[in-house]
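Visitor: I'd like to go over a predicted model; first the sequence, then the structure.
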Amino acid sequence: RWADVQGGMNSTESDRFIRYRWEVEGVGNRTWMAFSKGGSFSRFYADLDLMMDWTNSGADYKAVVKDKYGSASRFVKSEDYYGRPGITWTEMTSKGLNARRLPPGVIFNCKGPCAFPHRDEDAEYLLAVLNSSVAQMLMSCLTGRSYGSTYVARLPVPETSREQATELARKASSLFEAKAKWDEGNEISRRFHVPWLLREELFSERGALSENLDDVAKFEATEEARIRH
């Protein structure tokens, strides 16, 4: 009704084809796609720092697994969904279901299952629902710490009014933007723009380095409290 929920690529033999983003930017004539593999607990937003060599639709990787295991289809799962925007989460965690946006142009593996909304306008609403305490309570009835695609696909999603759906979507989008904005000061993030210490809006006035660092820490604590609220 709401989305296609898919498990991703089996990661066997994939390590030789995966690099950090900063290792491959502007290098050679290979086709590199962002690679999502679950990662640490993070709701609404998480940066992607891995890339996979997907030249000629992954021909080299498919050849390796086919030569070693006799088949590529057992490893390259849900390929029709690679590159599509959606929602992803960490498959195995004791901290609970933690969903975040999956941007376009990404390959996802089995450790980061994904949901692909049937309608684009439902994406933010579904993101809010998946990160809700009610969803977590229902998930605890289905599973312990494994949030594989089979379990999440069974999660009931409530029908609601347009006004309620719009408000939940707005909150999910606001949370995403707040966390993504903070990442603009993270030097290894794809969103990096300016170091935290050079962001003028963090300081009432410029002081000693130690004072500026204190201001950054205070700002981060304030933003964290606002996001949690």
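Guide: Structure's in. What do you need?

Visitor: neighbouring contacts of the strand or helix carrying Met33?
Guide: Taking DSSP states H and E as the definition, one finds Met33 inside strand 32-36. Strand 32-36 is contacted from outside by 8, 18-19, 21, 24, 48, 50-54, 82-83, 88, 102-103, 105-109, 112, 114, using C-beta atoms under 8 Å, 6 or more residues apart in numbering. C-beta: built from backbone N, CA, C; applies to glycine.

Visitor: how does it look with 10 Å?
Guide: For strand 32-36, the external contacting residues (C-beta atoms under 10 Å, 6 or more residues apart in numbering) are 8-9, 11, 14, 17-19, 21, 23-25, 46-55, 58, 82-83, 88, 100, 102-109, 111-114, 190.

Visitor: where in the chain is pLDDT low?
Guide: When residues are selected by pLDDT under 70, none of them lie in the chain.

Visitor: mind listing the strands in it by residue range?
Guide: Remark: strands assigned in the chain by DSSP state E are 3-6, 18-20, 32-36, 50-53, 86-89, 99-102, 106-108, 114-117.

Visitor: just send these back as JSON lines, with mean neighbour count too.
Guide: JSON lines is the format used below for the strands of the chain (neighbours: other C-beta atoms under 10 Å):
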{"stretch": "strand 3-6", "mean neighbour count": "19"}
{"stretch": "strand 18-20", "mean neighbour count": "16"}
{"stretch": "strand 32-36", "mean neighbour count": "22"}
{"stretch": "strand 50-53", "mean neighbour count": "22"}
{"stretch": "strand 86-89", "mean neighbour count": "26"}
{"stretch": "strand 99-102", "mean neighbour count": "23"}
{"stretch": "strand 106-108", "mean neighbour count": "26"}
{"stretch": "strand 114-117", "mean neighbour count": "22"}
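
Visitor: switch those strands over to JSON lines; also include distance to Arg228.
Guide: Rendered in JSON lines, the data for the strands of the chain read as follows (distance: least, C-beta to C-beta, whole Å):
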{"stretch": "strand 3-6", "distance to Arg228": "27"}
{"stretch": "strand 18-20", "distance to Arg228": "30"}
{"stretch": "strand 32-36", "distance to Arg228": "25"}
{"stretch": "strand 50-53", "distance to Arg228": "28"}
{"stretch": "strand 86-89", "distance to Arg228": "19"}
{"stretch": "strand 99-102", "distance to Arg228": "16"}
{"stretch": "strand 106-108", "distance to Arg228": "27"}
{"stretch": "strand 114-117", "distance to Arg228": "24"}
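
Visitor: which one of the ones you listed lies closest to Lys77?
Guide: Comparing the strands of the chain against Lys77 with C-beta to C-beta, the closest turns out to be strand 3-6 (7.7 Å).

Visitor: what sits up against that closest one?
Guide: Strand 3-6 has contacts (C-beta under 10 Å, 6+ apart) with 77-82, 84, 86-88, 108, 113-119, 122-123, 126, 130, 148-155, 157.
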